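>>> got a sequence here, can you build the structure:
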Amino acid sequence: MADQRKKTHTISLWSVKTIVWSEGSWRNPPSETDSTEGVLRARSGDHTDMWRHTSYGFVHDSGHALLAPLEDGEAMECDVEANYQHQFDQAGLMVFASATQWIKCGIEYSDGLAQLGAVVTREVSDWSAAPVPDWATGVTSFRVSRSADALTIRAKRVGEDWQLVRLAPIDALQKWQAGPYLASPTREGFEVRFSRWQRGPADSTLHE
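Sure thing, here's the model as predicted:
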């Protein structure tokens, strides 16, 4: 009988290194932060966001990101817990080179639903999103994997397999950083818990 077991994407075995919160540097510090027992709690400032031009016509550059170096051949993961309930509440991972070159991936609450997606920005922003209503609360894991001029973005829930969110081009000549991210474009006080911030080898393949 043919093997009917579910195949999953192969990710490199990690030589895991935990990133201590103090190793990161805040770009746009949140209004409040607290770190205890491996958990970073952050509270967003008022009307914070990251976006450049497309459709909306504005540039917003106030989202909160705790950044550490992301070298070629490395991956970074973080667990993110929040209660997404206000329009555009968002949290996940930011991958950053400059004010005009960055990528954010995560959960964003839009039009009454939690959406899993990414915004890829190179002078102007684009946005891909898919509804994940069951992910509006609880812990979501995010993973970004850098390989030369490509960034692979994955996400999963506890007990589930990694799923591909986005394969995006990046400028291989830029110096990239990455880390936990949150913002709240329509309010202040969005509270997020980050844990298990780690780095290791980049994914060995894109597909099984």
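>>> residue 107 - how many residues pack around it?
Residues near residue 107, counting by other C-beta atoms under 10 Å, number 24. Just so you know, the C-beta spots here come from the backbone N, C-alpha and C atoms, and that holds for glycine as well.
>>> that one pairs with what?
residue 91, residue 116 (DSSP bridges).
>>> over to residue 120?
Counting by DSSP bridges, residue 120 is bridged to residue 103, residue 126.
>>> ok, now which ones touch it?
103, 126, 128, 166, 168 (C-beta atoms under 8 Å, 6 or more residues apart in numbering).
>>> alpha carbons of stretch 115-127, as CSV, please.
C-alpha atoms of stretch 115-127 as CSV (Å, rounded to 0.1, in the frame of the first residue of the first chain):
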residue,chain,number,x,y,z
GLN,A,115,-5.5,37.9,8.4
LEU,A,116,-2.2,36.1,7.9
GLY,A,117,0.1,37.9,5.5
ALA,A,118,3.1,40.1,4.6
VAL,A,119,3.9,43.5,3.4
VAL,A,120,6.9,43.7,1.1
THR,A,121,8.3,47.2,0.6
ARG,A,122,10.9,48.5,-1.9
GLU,A,123,10.2,52.2,-2.2
VAL,A,124,6.4,51.3,-2.3
SER,A,125,4.5,48.7,-0.3
ASP,A,126,2.4,45.7,-1.4
TRP,A,127,0.2,43.5,0.8
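>>> for it, buried residues please.
In terms of neighbour count (16 or more other C-beta atoms under 10 Å), stretch 115-127 has its buried residues at 115, 116, 117, 118, 119, 120, 121, 122, 125, 127.
>>> closest to residue 148 out of the contacts of residue 120?
Of all those, the one with the least separation from residue 148 (C-beta to C-beta) is residue 168, at 12.6 Å.
>>> so who does the closest one touch?
103, 118, 120, 150, 151, 153.
>>> do you know how far the fifth one is from residue 112?
Look at residue 151 and residue 112: by C-beta to C-beta, to the nearest Å, they are 29 Å apart.
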